[in-house]
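Q: Give me a 3D structure for the following:
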Amino acid sequence: MIGELDPVEGSWYHHLDKGQDFMVVDVNEREGTVDIQHFDGDIEELEMEEWEEMDLEEIEPPEDWTGPLDDLESDDLSY
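A: Numbers count the residues shown, from 1 in each chain. As a prediction, this is how the structure comes out:
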C-alpha cells in the first residue's frame, strides 16, 4: 500500500518493511512534513515524500497505546 494512506493525526500505522508501529502526532501541510511518534516514545519528522514511499497499513491503537506518552495522567484518558 505504498503511498495510498494519507497521514491522519492521532491514527496508528504499521510500517510493513520495518515492523514498527507508530502514531501520527502532527501533519504540517504548509511545510510538507509529518511528525510521528514510535511506540518507544521516539519522535521523528518525515518529509511528505518519505511518507508517500513508506509501505504502511493503518492499525488499531495498541492495547497500551499510552506507552510513548510521557506526561499522560490516567485522568486525561476518556474512559
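
Q: hey, where'd the helices end up in this protein?
A: 48-53 (DSSP state H).

Q: any low-confidence regions in it?
A: 1-3, 65-79 (pLDDT under 70).

Q: For E31, see how far away Y13 is.
A: Separation of Y13 from E31 (CB to CB, to the nearest Å): 20 Å. In this view, the C-beta of every residue, glycine as well, is placed from N, C-alpha and C.

Q: Show me which of these two is the more surrounded one.
A: Counting neighbours by other CB atoms under 10 Å for Y13 and for E31 shows that Y13 has the greater number, 20 against 10.

Q: Just confirm M48 contacts T33, I think it does.
A: Yes. Counting by CB atoms under 8 Å, T33 is a contact partner of M48 at 6.7 Å.

Q: Describe which strands the longest strand along the chain pairs with in its sheet and in which direction.
A: Scanning the chain for the strand with the most residues, using DSSP state E, yields strand 20-28. The strands beside strand 20-28 in its sheet (DSSP bridges) come out as strand 12-15 (antiparallel), strand 33-38 (antiparallel).

Q: how about the ones you listed in a markdown table, adding distance to E52?
A: Formatted as a markdown table, the strands paired with strand 20-28 follow (distance: least, CB to CB, whole Å):
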| stretch | distance to E52 |
| --- | --- |
| strand 12-15 | 13 |
| strand 33-38 | 10 |
